[in-house]
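> just coords:
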């Protein structure tokens, strides 16, 4: 497990960013700045419950116990290692493959269609199984363009679906705006 700094907002909750283009990458992205001082936004089972609820592709109203929470953290780290292996074009880490494949073999969430849309239901193990399967499908697709965010300090890996695969940042709201603001300030200083 990563030694990580926990992060909380003013109300005690952290908003999660779902900008990576895949639930497996979004789960891996719940640890920021992995190179220096990792910032972990999943520090309690309640954080994991909020993350799952925030992910549109997973069931709502799940509960996390300590064992399932630890399983989710293990899956998160395995997914990150496999994503990084793809980005760096190296063979997959065998231990990470084992963790992800085992998680993917679990139960799947139930899916129901109604006039209100799609409703997903299931427990946390089913949600994690869905996350693992989405990661497997992504990592198996050799045409998928996975990149690490171009902002210094951000280690989020994302799926680049942009035209010509020219996307530079994991998300514009946080990283893109920071890079552009820093470049603007540097231009202003240079002009003085």
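Ah, there it is. Bear in mind the structure is a predicted one, so any value in this text is a computation, not a measurement.
> quick one: the residue nearest the centre of the chain and residue 20, what's the gap?
Centroid check for the chain by C-alpha atoms, centre = their mean gives residue 26 as the closest residue, at 1.8 Å. Distance from residue 26 to residue 20, counting by C-beta to C-beta, to the nearest Å: 5 Å. Just so you know, the C-beta spots here come from the backbone N, C-alpha and C atoms, and that holds for glycine as well.
> do residue 159 as well
Going from residue 159 to residue 20 by C-beta to C-beta gives 6 Å.
> Tell me which stretches of the protein form helices.
Ranges of helices in the chain, per DSSP state H, are 23-28, 45-54, 66-87, 94-104, 124-140, 177-191.
> Give the residue spans of the protein that score low on pLDDT.
Flagging of the chain using pLDDT under 70 yields the residue ranges 1-14, 169, 171-173, 175-187.
> again, only this time at 90
Within the chain, the stretches with pLDDT under 90 are 1-17, 19-20, 32-39, 56, 60-61, 148-156, 161-192.
> Tell me which residue lies farthest from the centre of it.
Largest separation from the mean C-alpha position in the chain: residue 192, at 41.0 Å (C-alpha atoms, centre = their mean).
> Provide a list of residues in contact with residue 129.
Each residue near residue 129 by C-beta atoms under 8 Å, 6 or more residues apart in numbering is listed here: 103-109.
> How about residue 20?
For residue 20, the contact set (C-beta under 8 Å, 6+ apart) comprises 26, 28-29, 156-159, 170.
> Make TSV out of those residues and add distance to residue 117.
Listed next are the contacts of residue 20 as TSV, based on distance: C-beta to C-beta, whole Å:
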residue	distance to residue 117
26	20
28	27
29	25
156	28
157	29
158	26
159	23
170	27
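> Which one of the residues you listed is nearest to residue 145?
Residue 145 lies nearest to residue 159 out of the contacts of residue 20, by C-beta to C-beta, at 6.9 Å.
> gap between that closest one and residue 148?
Distance from residue 159 to residue 148, by C-beta to C-beta: 12 Å.
> These two: who's more crowded?
Neighbour count, other C-beta atoms under 10 Å: between residue 159 and residue 148, residue 159 has more, with 20 against 16.
> number of nearby residues for the residue nearest to the more buried one when sequence neighbours are not counted?
What sits nearest to residue 159 in space, not counting adjacent residues and going by C-beta to C-beta, 6 or more residues apart in numbering, is residue 21, at 3.3 Å. Residues contacting residue 21 under the criterion other C-beta under 10 Å number 19.
> This completes my enquiry, with thanks.
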